[in-house]
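Visitor: Pasted the sequence and its predicted model underneath.
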Amino acid sequence: MSVFKQEIFWDVVPYVSLAILIVGLTWRYRYDKFGWTTRSSELYESKLLSVASPMFHYGILVVIVGHVIGLVIPQSWTAAIGIDEHLYHWSALILGGIAGLATLVGIGLLIYRRRTIGPVFIATTKNDKLMYVALLAAIIAGLATTVIGMTPAGQAPEANYRDTVAPWFRSIWILQPDGVAMAAAPLQFHIHVIIALVLFALLPFTRLVHMFSAPIGYLFRPYVVYRSRSEAGRDQLLGSSPSRRGW
Ligand code: HEM
């Protein structure tokens, strides 16, 4: 793609993705308010879930905080408080790398569980399957930027995403898209961000809508308690009245 075409691409495509996200979420809320859910599968399997789910969710939270810091705070601000680029870069690589790896292992286990536990797989919609592919790809491509960032090529001045990706990211929100800045970023960032933009456009049509409504208390609440209806389970319930026959 010529530089001009690339520039147009980075000026326009983020708005297409955002428009689909906003219109899609509005549509989903209006027409599927009661389907706005994680479609929890805890009832079918909880052992693997209790390890994989926190690993993924805590990992992705750290990744998101890292993205906000890396993309929103200009390089000049961190420099002004005495954090030089070298220190910033390596701290971001190490912290981001650990969080990204936890996210990857978490999502890997969640997808394995979803594929191998029959009822969980049956309860997975086509859109969710597509979303898992995009989510996994975004995480792997993100980690690829981290790995490349640790090589000599990734430390070259032109590979500093705070001069290219970050200014472009900020320019989107002030409605003055700077596609030229993003076009100048190395290929690994282009691939990562294109996958992320596809993922954002898919969000409204998948179980990931729960990320827009999950209360913060979710992180600290105990798991929902499911009680067995078997004879053994019922006997352990103090004060439970004898149950009627099922239908
Ligand atoms: C427009 C949206 C996005 C932009 C501009 C963006 C940009 C970046 C940049 C610049 C890095 C390199 C960070 C570093 O080396 O210090 C990175 C890494 C990463 N990204 Fe993204 N990203 C976006 C969306 C996403 C999404 C949606 C996900 C996951 C679902 C994701 C997951 C990751 C991961 C796992 C890493 C590596 C570990 C880390 O630095 O946290 N990114 N991203």
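Guide: All right, it came through fine.
Visitor: so where's the protein uncertain?
Guide: 1, 215-224, 229-247 (pLDDT under 70).
Visitor: Can you give the distance of the lengthiest helix in it from its chain's centre?
Guide: Using DSSP state H, we find that the single longest helix of the chain is helix 85-116. Centroid separation for helix 85-116 versus its chain: 11 Å, with CA atoms, centre = their mean, to the nearest Å.
Visitor: which parts of the next helix-or-strand element following it are buried?
Guide: Per DSSP states H and E, helix 85-116 leads on to helix 118-122 as the next helix or strand towards the C-terminus. For helix 118-122, a neighbour-count test (16 or more other CB atoms under 10 Å) marks V120 as buried. Heads up, the C-betas are built off the backbone N, CA and C, glycines and all.
Visitor: So which elements touch helix 118-122?
Guide: Packed against helix 118-122 by the contact rule (3 or more CB pairs under 8 Å, 6 or more residues apart in numbering; DSSP states H and E) you find helix 85-116.
Visitor: do the helix it packs on and the ligand meet?
Guide: Yes. Helix 85-116 comes into contact with the ligand (CB under 6 Å from any ligand atom), by way of 92-93, 96-97, 99-100, 103.
Visitor: Around the ligand, which positions in the chain sit nearby?
Guide: Residues of the chain found near the ligand, taking CB under 6 Å from any ligand atom as the criterion, are 63, 66-67, 70-71, 92-93, 96-97, 99-100, 103, 135, 138-139, 142-143, 145-146, 149, 161, 165, 169, 189, 192-193, 196, 199.
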